[in-house]
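*Asks:* Based on what follows, work out the 3D shape:
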Amino acid sequence: MHSARSDAAESITQVLVRTVTGLERLAAEELAAAGHRVIDVSKRQIVVEATTATIITSAPRLADDLFVVRAAVADPGPTKQALAAAVRGLVVPGTRGPFAVSASFQGRRNFSRFDVEDLIGGRIDGGTYHSRRTGAVPPAERVDWRVVLDGKTLWIAVRPFEVPLHRRVWRRRTVAGSLHPPVAAAMAGLAGIRAGLRVLDPFCGAGTLLLEAYAIEPGANYLGIDRQPAALAAARANSPSREVTWRTGDAARLSDPVDRILTNPPWNVRVSLGDFAPYLREWRRVLRPGGRVVAILNQEQAARISVDAAWRVVEAYDVAVAGRHPRIVVAERSAHTYDPGPATAVAAPR
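*Replies:* Sure, this is the predicted structure:
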């Protein structure tokens, strides 16, 4: 995971965890399971009372980003005058060196994000503020601050890492359709992977799903297949220690039985897939009894598996990713009588 700044663990009380839309509840569950106290959950944001500095040293994998709260006042409402009054006289301890501020707010306001950023930037003590108002890019070595007006509270917080949490250190290469890592981590958690299970991604791409799954449960047996050599090259570049097996293969022609299918098939946007039904049949054929599929699908694909008598959807989560609104579907084989047909061979060895 990410390394924290040297002073990041000092005086941690409250933390803002930013999430992908639709993953708020799952992210809150991850934080609670780690022993932290969840104070509030709202769209894309979780307010947490951190019990230990492990929230930084072992950061939550479902978090899009994380910020340590340095100040908080009541949300002043929609006017610029009230905003200025709310923070008048406020001095926020900062650090030496350059820093930038990024702001967001809910509801209609008569001020812009730049008004908020410049106002709070002037209240942070101990460094040099770099405004984004004119389009200037702050220095690369800056410290990033975050201001959120969520309708109840104006939060002022600082990122304890050099980069956002979603920028995984293992991710060297991507391909068209590569999945956002926190979404992949959420899917891996939903799969209920245990040591010794055989886990397949029949559309592995650059390997995001299986590498996130490996980070959660390194004791399973992972196989990723893809038809595109460029995708497999990217997956291998992302996993130089070879903790996952990558092979050339066709997702419509699988071979060995598996316990879990964890996958992100093309959504017919940047990459075309065509008829989804043959893939569903093949997945059911190779999935062992008691197995599970966790797939992120476009709305048409999600509807298709939901009405297929061969499957039982046990959970579903609508998320917002890359400007789209796919659905994470967790499904198991139903008791419906099904003739899988003859087995077909998979791909060439690695």
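
*Asks:* just the strands in the stretch 151-300 of the chain please.
*Replies:* Using DSSP state E, counting those that start in this stretch, the strands of the stretch 151-300 of the chain run over 153-158, 198-201, 221-226, 245-248, 258-263, 287-297.

*Asks:* Any chance of JSON lines for those strands, columns mean pLDDT, mean neighbour count and distance to Asp65?
*Replies:* Where you see a C-beta, it was placed from the backbone N, CA and C, and this is true even at glycine. Listed next are these as JSON lines, based on pLDDT from 0 to 100; neighbours: other C-beta atoms under 10 Å; distance: least, C-beta to C-beta, whole Å:
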{"stretch": "strand 153-158", "mean pLDDT": "97", "mean neighbour count": "21", "distance to Asp65": "10"}
{"stretch": "strand 198-201", "mean pLDDT": "98", "mean neighbour count": "26", "distance to Asp65": "26"}
{"stretch": "strand 221-226", "mean pLDDT": "97", "mean neighbour count": "23", "distance to Asp65": "27"}
{"stretch": "strand 245-248", "mean pLDDT": "96", "mean neighbour count": "17", "distance to Asp65": "29"}
{"stretch": "strand 258-263", "mean pLDDT": "98", "mean neighbour count": "24", "distance to Asp65": "24"}
{"stretch": "strand 287-297", "mean pLDDT": "97", "mean neighbour count": "20", "distance to Asp65": "20"}
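
*Asks:* can you put those in TSV and add distance to Glu117?
*Replies:* Formatted as TSV, these follow (distance: least, C-beta to C-beta, whole Å):
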stretch	distance to Glu117
strand 153-158	11
strand 198-201	40
strand 221-226	42
strand 245-248	43
strand 258-263	39
strand 287-297	33
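
*Asks:* Tell me which of those lies nearest to Ala136.
*Replies:* Between Ala136 and the strands of the stretch 151-300 of the chain, the shortest gap by C-beta to C-beta is with strand 153-158, which sits at 20.5 Å.

*Asks:* who's in contact with that closest one?
*Replies:* Counting by C-beta atoms under 8 Å, 6 or more residues apart in numbering, strand 153-158 makes contact with 15-16, 47, 67-76, 86-87, 92, 94, 120, 123-124, 143-149, all of which sit outside it.

*Asks:* Take those and keep only those in strands.
*Replies:* Using DSSP state E to define strands, the subset of the contacts of strand 153-158 located there is 15-16, 47, 67-74, 92, 124, 143-149.

*Asks:* so where do the helices sit in the stretch 251-350 of the chain?
*Replies:* 277-286, 299-307 (DSSP state H, counting those that start in this stretch).

*Asks:* ok, now the stretch 101-250 of the chain?
*Replies:* Assigned by DSSP H, counting those that start in this stretch, the stretch 101-250 of the chain shows helices spanning 113-121, 181-190, 208-216, 229-238.
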